[in-house]
Structure formats: structure tokens, C-alpha cells
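Q: I would like to see how this sequence folds:
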Amino acid sequence: MTFRVTVLGAGSIGIFVGGKLAAAGADVTFVGRPRLLEEIRASGLRLTDLDGGDDRVAPSAFRTATAPDDVDAADLVLVTVKSAQTAEAAAQLADRIRPGTLVLSLQNGIGNDSVIREVLPSCAVLAGMVMFNVVHHDGGRFHRGTEGGLAVSDDPALERFAPLFRRGGLELGRHADLRPVQWAKLLLNLNNAVNALSGRPLREELADRDYRRCLALAQTEALAVMRRARIRPARLTVLPPALMARLLTVPDALFTRAAGSVLAVDPMARSSMADDLARGRRTEIRWLCGEIVNLGAMVSAPTPVNARLAELVEAAEEGDPRTWSGPELLAQLQAAREHTARHPANDG
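A: You can find the predicted model right below:
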């Protein structure tokens, strides 16, 4: 049986995942922006990874569209739009999609699946996360630049599709409760803001102690808020989240010896937030650092570090061209934390 798959939000992640399914024999339609669709129609897809994988998919082996007009024929829909576009994307599917269709949200942040489920109550809507970074190169090449697979909420509806993902080389980690994984991934994704503000590739940024100290401040603050909210993030790294945040602060040479796997990143890889700023697009900062700020407000816990990161990214969205050195950014975050410590009544 050939599965029909619609990828709604054909950016780098959507094209890589959908392309791997097309290479595995699925009938895939990419729905997205004309710029990327024109590129892949002209060149086809080349899907590479840091482990040496190299798949090619001819233009004749997939379809492209700017709207999900044929989603009524889809067996599986992958939602890979930015979090801010989730409700709009789900609305595009309403009155078109067949009841019972599996809709898999492969998005950053917490709760996108709930937004989709509210709009599409007759569908099997599952939360998921892409645990790796994808770098887009010209000529239809999309490169997986970090380790990781797909994490999804376990459900019987996945059974018929599991062999397809397996043939596509996509590890499908199935979790009875995905929320701890989502919160753990959000902790890691707090680095998206640090990376975007640094103006550097991920490997270069993470090799710099001052940038890592910025990330450690954001993660430590987030963990304190999660504890107050009784949220226990899963362990996705070599150490538990709290110990990993401490390890980030050690000198560069020691960090490389103790956690070299963190630096096993393609030299050109940058965060998706950095890519968004480079293209003049709105970022997902409200669903990353902003999620910690909102949670802090709910449990009456201060979040000055994540709030300041969000402010700096929002300034960049408005056109501030500045990139921040490690010491400069660290000073900004420390000053925000110290101000809140001196004036706790003014927080939030």
C-alpha cells in the first residue's frame, strides 16, 4: 500500500521528514511557501546527514502545493508550521480532511496538538517533536546536522505508519506521555535564542563558555519554574537537566572532554530562530523563552533571564541588526537577574 502524506508547512524540517518518507515510497505533497517549492520542483531533493546518509528524490516523486487542496485524500498529515501559525494551518484543513485521518504535530513548544485537536476534533491528532536540526543548502539539499529522531505520543493509529518511518530511516520514539520530553526539548531549545543573538553557527557558539553560561542561566531559571509547577522534564542528554546546566558553565577544554557529543554538530548548522531572523521572519520566541515566562507568571516565580532573551530577540525581529558577543550577552542576562533580585516586588 502506498500512503499519501501531506506535509503542511514545508520548511527545512518538513521537507526533510517528508522527503525521507517520499524516499521510502510514500506519495508526498509538500504545502508551503512558493520560494522553497519552486526550488525543490526544479532540483528535486537531496537529503544528507552527519552520519553519511545521502538520499535523492526526483521531482517526479513528490507533489507541491501552496494550499492543502487534496488533503481529503491524505492518510497522514504532518504539521510542521511555526507555532504561531498552528491555528491558521489547522483551519486550512477543516472541512477538507477526512474524519479519522492521523494528524501529527511535529513542532516546537507545548500544546500545539491541543490547538489542532480543537479545530479538528474528528481526526486522530498526536503531539510529536523533531529532535534534530536541519540545514538548508541551495539546490534542494537538506542536511540533518545533529543527532536525534522523532518523538511522538504513542497511539494505536501509529502502527500502520511505523514501517514507513522505519524504511525512511526516521527513528520513531513512542512515548506514553510526551509532555516530559516536550519540556526537556524546550530546555534545549532555549539555546535557539542564544544562538540567534550570537550570529554564530551552533558548534562555534556552544564551544564558547560565555554563550554556554547564558544558556545555563536560562535553563537553571526554567528548571526552578518547572519545579514550582511540579513539571519533571525527561532526560535527553548525557546528564540529567540540572547537572547538564551546571556542566555548561565549566571551562571550554573541560566541557569538550566531558560533553563532546554536544559539539557533534554540522559546522554550518544554526538554530531555526537564527534562520528566521536572517530571513526577516517572526520567530518562535513566545513559544520557547516566552513559555517559561508564562509558566513563571502562573506559579509566581521570577523569570528575568528568559524575559530578557525574549526582549532581545523581539528587538531583532523589529530590525535591530546587532549580534552579541558572549560577554555582552552574559552581562545583559546577569544584570536582568540581579535587578530582579534587588527589586523582587517589581517582578512580573
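Q: Could you use CA atoms for every contact and neighbour count after this?
A: OK.
Q: how does the protein divide up, domain by domain?
A: 4-175, 179-342 (the TED database).
Q: Please render those domains as JSON lines that adds mean pLDDT and mean neighbour count to the earlier fields.
A: Below are the domains of the chain laid out as JSON lines (pLDDT from 0 to 100; neighbours: other C-alpha atoms under 10 Å):
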{"stretch": "domain 4-175", "mean pLDDT": "95", "mean neighbour count": "19"}
{"stretch": "domain 179-342", "mean pLDDT": "95", "mean neighbour count": "19"}
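Q: Export the longest helix belonging to the chain to CSV, keeping only CA atoms.
A: When the chain is parsed with DSSP state H, its longest helix is helix 209-228. Taking Å, rounded to 0.1, in the frame of the first residue of the first chain, the C-alpha atoms of helix 209-228 are listed here in CSV:
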residue,chain,number,x,y,z
ARG,A,209,31.9,29.3,27.6
ASP,A,210,30.3,32.7,27.9
TYR,A,211,27.5,31.7,25.5
ARG,A,212,27.1,28.4,27.4
ARG,A,213,26.8,30.4,30.6
CYS,A,214,24.0,32.3,29.0
LEU,A,215,22.2,29.1,28.2
ALA,A,216,22.9,27.8,31.7
LEU,A,217,21.2,30.9,33.2
ALA,A,218,18.2,30.4,31.1
GLN,A,219,17.9,26.7,31.8
THR,A,220,18.5,27.0,35.5
GLU,A,221,15.8,29.6,35.7
ALA,A,222,13.5,27.4,33.7
LEU,A,223,14.1,24.4,35.9
ALA,A,224,13.3,26.4,39.0
VAL,A,225,10.0,27.4,37.5
MET,A,226,9.3,23.8,36.4
ARG,A,227,9.9,22.5,39.9
ARG,A,228,7.5,25.0,41.3
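Q: Which residues does that helix contact?
A: 187-188, 190-191, 194, 198, 205-206, 232, 242, 245-246, 248-252, 292, 295-296, 299, 301, 303, 305-306, 326-327, 329-330, 333 (C-alpha atoms under 8 Å, 6 or more residues apart in numbering).
Q: What's the separation between the spatially closest residue to D72 that is not a sequence neighbour and A91?
A: Using C-alpha to C-alpha, 6 or more residues apart in numbering and skipping residues adjacent in sequence, the residue nearest D72 is I97, 4.5 Å away. Per C-alpha to C-alpha, to the nearest Å, I97 is found 10 Å from A91.
Q: Check what contacts stretch 317-337 and list those residues.
A: 197-199, 208-211, 213-214, 217, 277, 280-283, 304-305, 308-309, 316.
Q: starting at the chain centroid, how far to that stretch?
A: The chain centre lies 22 Å from the centre of stretch 317-337; the measure is C-alpha atoms, centre = their mean, to the nearest Å.
Q: Identify the bridge partners of the closest residue to M129 other than its chain neighbours.
A: Nearest residue to M129, sequence neighbours excluded (C-alpha to C-alpha, 6+ apart): L106, at 4.7 Å. Beta bridges link L106 to G128, judged by DSSP bridges.
Q: wait, isn't L106 in contact with S83?
A: No. Judged on C-alpha atoms under 8 Å, L106 makes no contact with S83 at a distance of 10.0 Å.
Q: And the strands in the stretch 101-250 of the chain?
A: Under the criterion DSSP state E, counting those that start in this stretch, strands of the stretch 101-250 of the chain are mapped to 102-106, 124-130, 134-137, 141-144, 150-153, 172-175.
Q: How about residues contacting the second one?
A: Contacts made with strand 124-130 from outside it, assessed by C-alpha under 8 Å, 6+ apart, are listed as 13, 100-108, 112-113, 116-117, 148-153, 155, 157, 178, 182.
Q: same check, this time on stretch 92-111
A: Contacts of stretch 92-111 (C-alpha under 8 Å, 6+ apart): 67-83, 112-113, 119-120, 122-130, 157, 179, 182-183, 186, 287-288, 291.
Q: Kind regards, and thank you for your time.
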